[in-house]
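Enquirer: Sequence first, then the predicted structure:
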Amino acid sequence: MTSAPKRAPKRALVTGGSAGLGAAAVSWLQAHRYEVVVLDRDRPWTGKTPVQFIRCDLASRTELDDVLPELIAAGPYSLVFLNAGINATGQFERLDVQAHIDVLRVNAEAPMVITAGLLEAKAVRRGGAMVFVSSLSHFTGYPGAASYAASKDALAIYAKSMRQYAKSRGVSLTVAFPGPLKTDHAEQHAPEGADASKRMDPDLAASLIIADARAGKKNSIPGAANRFAASIGRLFPKPVTAMMRRLIYVRLKP
């Protein structure tokens, strides 16, 4: 009597998996028996279960091109969570030009390059899913963080445009639009007096987003409050953007 062949372990890739939403995604995936590869500038705290860590500063296209073959070889992946992101807040014209460039490279160019490389190399399993972490600002605007909002919008449109091609490879694409999260990154870029208690726990956000991705949903807006904000933003874009300006832009440090 022959034993049944062992199933290949599920593998996942998380970019920006060292902190915040990315770290929460890593924890969820490990709890559900995924082997996890983390691509980040900083080595993650791995807890009881180690991860395969690939170091890369995604603001450097040279570094990304250098590690892409290693990233592909670490697959194939059942789930790819493209989460890495940075922000630059303040008056647009007063921010250093390099800050805008870095935001666009990390938030938009890097996930585009990674996606193209993985799909071309068939490094995502048929039946697998890819998550693109955009932002709730897609629906509401983000005065005071124009480059961030632009980069996240670009990522959402890229994913939408790639969906049919990915489908031909047996891969589903989900765009996630999380709102404010309880993370150090959010705290760093929040205006003075912002109420952190209203931000969503990243563990909850990660679990909701991954559930939507595994279900093959095109979009994921985690949380009823965020879905309401997205709906209002769609219906009344100008008043909502004006409100966001009052809540964020005018309260940012000059």
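Expert: Thanks, I have the structure now.

Enquirer: Could you check what's spatially nearest to residue 119, not counting adjacent residues?
Expert: The shortest distance from residue 119 to any non-neighbouring residue, by C-beta to C-beta, 6 or more residues apart in numbering, is to residue 169 (5.6 Å). Glycine gets a C-beta too; all of them are placed from N, C-alpha and C.

Enquirer: ok now do that neighbour, which residues does it touch?
Expert: Each residue near residue 169 by C-beta atoms under 8 Å, 6 or more residues apart in numbering is listed here: 119, 122, 124, 126.

Enquirer: I'd say residue 129 and residue 175 touch.
Expert: No: Residue 129 is not in contact with residue 175 according to C-beta atoms under 8 Å; the separation is 11.6 Å.

Enquirer: which residues touch the longest strand belonging to the chain?
Expert: The strand that spans the most residues within the chain, counting by DSSP state E, is strand 124-133. The contact list for strand 124-133 (C-beta under 8 Å, 6+ apart) reads 21, 75-83, 85, 111, 115, 118, 155-156, 158-159, 166, 169-176, 178, 209-210, 213-214, 216, 220.

Enquirer: partners of that strand, with directions?
Expert: Using DSSP bridges, the strands paired with strand 124-133 are strand 77-82 (parallel), strand 172-176 (parallel).

Enquirer: which of the residues in the helix or strand just after the longest one are buried?
Expert: Meaning strand 77-82. Note on strand 77-82: by DSSP states H and E, the next helix or strand toward the C-terminus is helix 97-104. For helix 97-104, a neighbour-count test (16 or more other C-beta atoms under 10 Å) marks 100, 102-104 as buried.

Enquirer: Same question for stretch 210-217.
Expert: For stretch 210-217, by 16+ other C-beta under 10 Å, it's 210, 212-214, 217.

Enquirer: And the contacts of it?
Expert: Residues contacting stretch 210-217 (C-beta under 8 Å, 6+ apart): 25, 28-29, 79, 81, 129-131, 172, 174, 176, 219-220, 222.

Enquirer: redo that, cut-off 7 Å
Expert: Around stretch 210-217, the neighbours that count as contacts under C-beta atoms under 7 Å, 6 or more residues apart in numbering are 25, 28, 79, 129, 131, 172, 174, 220.

Enquirer: do the same with stretch 65-80
Expert: Residues outside stretch 65-80 that contact it (C-beta under 7 Å, 6+ apart): 10-13, 37, 39, 52, 54, 56, 114, 117-118, 121, 123-125, 128-131, 213.
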